[in-house]
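Visitor: Okay, here's the prediction I keep looking at, along with the sequence it came from:
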Amino acid sequence: DRLPSRATRFFCKQGLRKLLFLSIVLFITLVYFLAIEIDPAPAPCQNFDNGDVSPFPNLTSVFNCNSPSGKCGWFYPAKFFNTTCGIGKEYSDAILYMEERRANRTLWIGGPPIVLPYALLHPGIKPNGKPPGRTIPLPYHNLSMIHIHKTGGTSLVTAFGQLASKTKGKRLTSYQPRPNTMPARKPPQVQNRAFPHGSEARNNTGNFLDGAVKYRETWGEKEHTLFAVVRDPAERFISAIGQATGAYGSVRNGVGQWLRDECVKETGRETLRCFVDVMMNNGTWIEVHFTPMAYEISFATMNKDIPVAVFPFDQVPTLLYELNQNPAAKKKDGKKKGYRKSEVLTNLTIDDYDEGTMRDLCKIYAVDVLLLSRIGYSSNCKENLSTRSGRHNEHF
């Protein structure tokens, strides 16, 4: 066998050198990119503070959220809706929209004021004394409340009012809608004209909210624990329908008659389908009772970076007990004959949702499902919240 020529051997050596060089370059490049993957630069939201949800140590109270005795979960609305890193950042444009309409008082025209009742409870207050009410001395509590509509709020606000003559307490207002002057039989229209309103009262409420703190054993002069109650969106929607169609307290909301004419059908299933369609076509802003709960919390707290103790709806009797009232008290009962404007509305139940209506409702209230999931509460909605599936209904 003949050996390769000298020229052939020369070119082979050159090829091996180039191959070795290219292999070294490829190896260095691979190591560089692997290093970036393994040790990335800090992402903008990597160290974002979502809020301290730990309980106060060794303190027994239903208001000591996430403790063995606590019945609530901590929620930080400003962090939740933070436009850059908040868990609910995809819904943060709603907060800006609400603020714009608050400024010219075109939000929830004809609706009730947004109130924050407060009371300082102490052992010197005489217990209710009648089981199932309280028979033992009250503890020290500095408590305030966000009234989320259709979550037992009227009963709780009334309970705070009953305490007013017995302790230091007050009721603050974060927003007063202007009265409705539009015909009740037409779809709601927004009139974009400025309206003077109580800036001093709002400033006082803002200063009060600055004192909101997690539950504790001792309280500063201006400190208080702020709580709210949330509810399954599908059940709350049924209650909101009954209220917004002209029940007591909503007679002059400007949309009650129109909603009844448009959507009260022969069956509960048809009725629910129609009301969900109304929300999809007109948005939830048409009446305050349809507003998503997460938005109500943020709005009432002026989007301040403060903690809120959030209770599930089934804990309303517990809260009434803590407020020295009869746990069975109920100021509004949608099932009571004559309270709602038709028998179909009175008899609406969760079973009247069909699969499609429930799916669409969950899209509309996706932000509330996300809130409930964040705190650890379940609901009838099981939609995937990875996309802004409900954004179309808000009509910004």
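Guide: Yes, it's here. Numbering: from 1, shown residues only.
Visitor: Mind checking what secondary structure the residue nearest to residue 253 when sequence neighbours are not counted has?
Guide: Nearest in space to residue 253, with sequence neighbours left out and distances taken as CB to CB, 6 or more residues apart in numbering, is residue 110 at 4.6 Å. Where C-beta positions appear, they are placed from N, C-alpha and C, glycine not excepted. Following DSSP: H, G, I helix; E, B strand; the rest coil, the label given to residue 110 is coil.
Visitor: What number of residues are in the vicinity of residue 110?
Guide: 21 (other CB atoms under 10 Å).
Visitor: Let me know the pLDDT of the most centrally placed residue in the chain.
Guide: The geometric centre of the chain, computed from its C-alpha atoms, lies nearest to residue 294 (CA atoms, centre = their mean), at 1.5 Å. Listed pLDDT for residue 294 reads 98.
Visitor: Enumerate every residue touching it.
Guide: 77, 80, 81, 88, 91, 367, 368, 370, 371 (CB atoms under 8 Å, 6 or more residues apart in numbering).
Visitor: which stretch of helix or strand covers it?
Guide: helix 293-300 (DSSP states H and E).
Visitor: Low-confidence ranges, the chain, go.
Guide: For the chain, applying pLDDT under 70 flags the ranges 1-22, 24-42, 181-198, 331-341, 382-396.
Visitor: and the nearest residue to residue 213 once chain neighbours are set aside, how many neighbours does it have?
Guide: In this structure, residue 213 finds its nearest non-sequential neighbour in residue 223, 4.9 Å apart by CB to CB, 6+ apart. Neighbourhood size, residue 223 [other CB under 10 Å]: 14.
Visitor: Do you have the helices of the stretch 101-250 of the chain handy? List them.
Guide: For the stretch 101-250 of the chain, the helices defined by DSSP state H, counting those that start in this stretch occupy 153-163, 199-209, 233-244.
Visitor: Mind listing residues that contact the second one?
Guide: Looking back up the chat, that one is helix 199-209. With CB under 8 Å, 6+ apart, helix 199-209 has contacts from 116, 118, 144, 172-176, 222, 224, 226, 301-302, 304, 306.
Visitor: from those, which would you call buried?
Guide: The neighbour-count test (16 or more other CB atoms under 10 Å) marks 116, 118, 144, 172-176, 224, 226, 301-302, 306 as buried among the contacts of helix 199-209.
Visitor: Among those residues, name the ones in strands.
Guide: Under the assignment DSSP state E, the buried ones among the contacts of helix 199-209 contribute 116, 118, 144, 172, 173, 174, 175, 226 to strands.
Visitor: residues touching the third one, list them.
Guide: When contacts are counted by CB under 8 Å, 6+ apart, residue 144 is found next to 116, 117, 118, 119, 208, 212, 224, 225, 226, 227.
Visitor: The nearest residue to residue 107 once chain neighbours are set aside: neighbour count?
Guide: Residue nearest to residue 107 in three dimensions, not counting chain neighbours: residue 101, with 3.7 Å by CB to CB, 6+ apart. Neighbourhood size, residue 101 [other CB under 10 Å]: 17.
Visitor: Residue 291 versus residue 101, what's the distance?
Guide: Residue 101 sits 12 Å away from residue 291, taking CB to CB, to the nearest Å as the criterion.
Visitor: Next, show the common contact partners of these two.
Guide: Contacts common to residue 101 and residue 291, judged by CB under 8 Å, 6+ apart, are residue 285.
Visitor: how about the closest residue to residue 268 other than its chain neighbours, what does it touch?
Guide: Of all residues not flanking residue 268 in the chain, residue 352 sits nearest, at 3.5 Å (CB to CB, 6+ apart). Neighbouring residues of residue 352 by CB under 8 Å, 6+ apart: 238, 267, 268, 269, 271, 272.
Visitor: Ramachandran coordinates for residue 352?
Guide: Residue 352 adopts backbone torsions of phi -80, psi -10, taken as degrees, to the nearest 10.
Visitor: I'd like the numbering to begin with 34 instead of 1 from here.
Guide: Sounds good: first residue 34 from here, last item residue 385.
Visitor: Against residue 202, how distant is it?
Guide: Distance from residue 385 to residue 202, by CB to CB: 40 Å.
Visitor: Equivalent analysis for residue 79, please.
Guide: 43 Å.
Visitor: What of residue 356?
Guide: For residue 356, the distance to residue 202 - CB to CB - is 11 Å.
Visitor: Just want to know which of those two has more residues nearby.
Guide: Neighbour comparison, residue 356 and residue 202: the larger count goes to residue 356, with 25 against 18 (by other CB under 10 Å).
Visitor: That one and residue 192 touch, don't they?
Guide: Yes - counting by CB atoms under 8 Å, residue 356 does reach residue 192; the two are 4.0 Å apart.
Visitor: Residue 290: how many residues sit nearby?
Guide: With other CB under 10 Å as criterion, residue 290 counts 17.
Visitor: Hmm, I typed the wrong one, I wanted residue 76.
Guide: Other residues close to residue 76 by other CB under 10 Å number 9.
Visitor: can you check residue 251 too?
Guide: Neighbour count for residue 251, taken as other CB under 10 Å: 7.
Visitor: Let's test this: what are the backbone torsions at it?
Guide: phi -120, psi 150.
Visitor: Distance-wise, check it relative to residue 175.
Guide: 10 Å.
Visitor: what do you get for residue 165?
Guide: 25 Å.
Visitor: Which one of those two is surrounded by more residues?
Guide: Taking other CB under 10 Å, residue 165 and residue 175 do not tie; residue 175 has more neighbours (24 against 12).
Visitor: give me the beta-bridge partners of that one?
Guide: residue 153 (DSSP bridges).
Visitor: Touching, it and residue 256? I think so.
Guide: Yes - with contact defined as CB under 8 Å, residue 175 counts as touching residue 256 (6.0 Å).
Visitor: Number of residues surrounding residue 258?
Guide: With other CB under 10 Å as criterion, residue 258 counts 24.
Visitor: Kindly report the same for residue 389.
Guide: 10.
Visitor: Equivalent analysis for residue 404, please.
Guide: Neighbour tally, residue 404, other CB under 10 Å: 27.
Visitor: Is it in contact with residue 326, as I believe?
Guide: Yes - the pair residue 404 and residue 326 passes the contact test of CB under 8 Å, sitting 6.6 Å apart.
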